[in-house]
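J.: fold the following.
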Amino acid sequence: MAKNDNLHKAKRAKADEFYTQLSDIENECKHYWEHFKGKTILCNCDDPRVSNFFRYFSLNFEHLGLKKLIATCYKNQDIDLFSQESSEKAVYIIYEGDKNGNRQVDDNELEVKELQGDGDFRSKECIELLKEADIVVTNPPFSLFREYVAQLIEYEKKFLIIGHQNAITYKEIFSLIKENKMWIGSMPMSNDLLFRLPKEASEELVNTKKQGSAYRIVNGEILGRSSSIWFTNLDHKKRHEELILYKNYIPEEYPKYDNYDAIEVKKTAEIPMNYNGVMGVPITFMNKYNPEQFELIWTTDRGGDGMLEEFKIPHNRYDAPVVAGKGLYKRILIRKK
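T.: Got it, this is the predicted structure:
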């Protein structure tokens, strides 16, 4: 868990300035090309000078058949991306495609406008840009993830965003996943996302953390390591793949919890094919979750807050599943349909 906590704590720091690698964006977005055609894309947590989200969509504008690309930039950035002028003003940029046929994003093809405020996604003017968009694609601040998702749901927007995998167990997020209003993206949860870091954060990781667990050095650049994943409400093929079950239920191999009316399944691959009751599975199960095959009951995180009483057994703790008096890591309770 060290690698998760290191980057997660750092990301709550000033400005949440963590930049996603272009290769990670390409590898995920390729599963949604049919959703992008004819749409207005909003990257509302992105400085276009350094954002690979803006780079990906601007360079692939014609290939994806986009209608419009909008990016908002938080304050303390250069207003004119392509000159030496600087400003404390927040800006937003509009790109509507290659006008001269040279297959490049030219200065005169970008419309740069000042925002009255600081570019916060919650501001009235940024919400107006959100209303204009069809799909939001970005890496929002980890520290504001709940609020960010709530806004997307409120305005009924399609989205493809990055968040820490532990966000799955947030009450607000899990409820949306359970209601089939959002789900995990196509990238396997076992894959680490690597992020470019602000200089101070890079130096702190090098000075205080272990290389390989908290960060990696790639081509001389320090990249933060995080168990982050993609969240979306854009459909993709992987979420409809049936999980092949091969294990038989043997009571001795699947102990019951002391505090929840469910059995413990240590690995997703070990879900028994002949058990129809409630099971506790690791969070990584969500990467294999098929809503046609399984029902989500609830998460054992946060004291079982929100879980129906019928699934609880009288006990002095509900913050984690307990087997033979020993607390385990958080689980998701499921059952087969």
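J.: quick check: pLDDT value at the closest residue to residue 310 other than its chain neighbours.
T.: In space, and not counting its chain neighbours, residue 310 is closest to residue 261: 7.4 Å by CB to CB, 6 or more residues apart in numbering. Every residue, glycine included, has its C-beta placed from N, CA and C. The pLDDT attached to residue 261 in the predicted structure is 93.
J.: what about residue 261, how many residues close to it?
T.: Neighbour count for residue 261, taken as other CB atoms under 10 Å: 14.
J.: go ahead and confirm it touches residue 312.
T.: Yes. Under the criterion of CB atoms under 8 Å, residue 261 makes contact with residue 312 at 7.2 Å.
J.: any low-confidence regions in the stretch 201-337 of the chain?
T.: 302-307 (pLDDT under 70).
J.: residue boundaries of the helices in the stretch 151-300 of the chain?
T.: 171-178, 199-208 (DSSP state H, counting those that start in this stretch).
J.: give me the contacts around the first one.
T.: With CB atoms under 8 Å, 6 or more residues apart in numbering as the contact definition, helix 171-178 has outside contacts at 145-146, 149-150, 153, 163, 167-168, 182-184, 231, 286, 296, 298-299, 302, 305-306, 332.
J.: the closest residue to residue 232 other than its chain neighbours bridge partners, please.
T.: Once flanking residues are discounted, residue 232 sits nearest to residue 160: 4.5 Å by CB to CB, 6+ apart. Going by DSSP bridges, residue 160 is paired in beta bridges with residue 137, residue 232.
J.: distance check, residue 160 against residue 330.
T.: Going from residue 160 to residue 330 by CB to CB, to the nearest Å gives 25 Å.
J.: ok, those two, which is more surrounded?
T.: residue 160 (25 against 18).
J.: so what's that one up against?
T.: Applying CB under 8 Å, 6+ apart, the residues near residue 160 are 28, 29, 32, 135, 136, 137, 185, 230, 231, 232, 234.
J.: and it, how far is that from residue 326?
T.: Residue 160 is 39 Å from residue 326, by CB to CB.
J.: next: residue 308.
T.: In this view, residue 308 and residue 326 are 25 Å apart by CB to CB.
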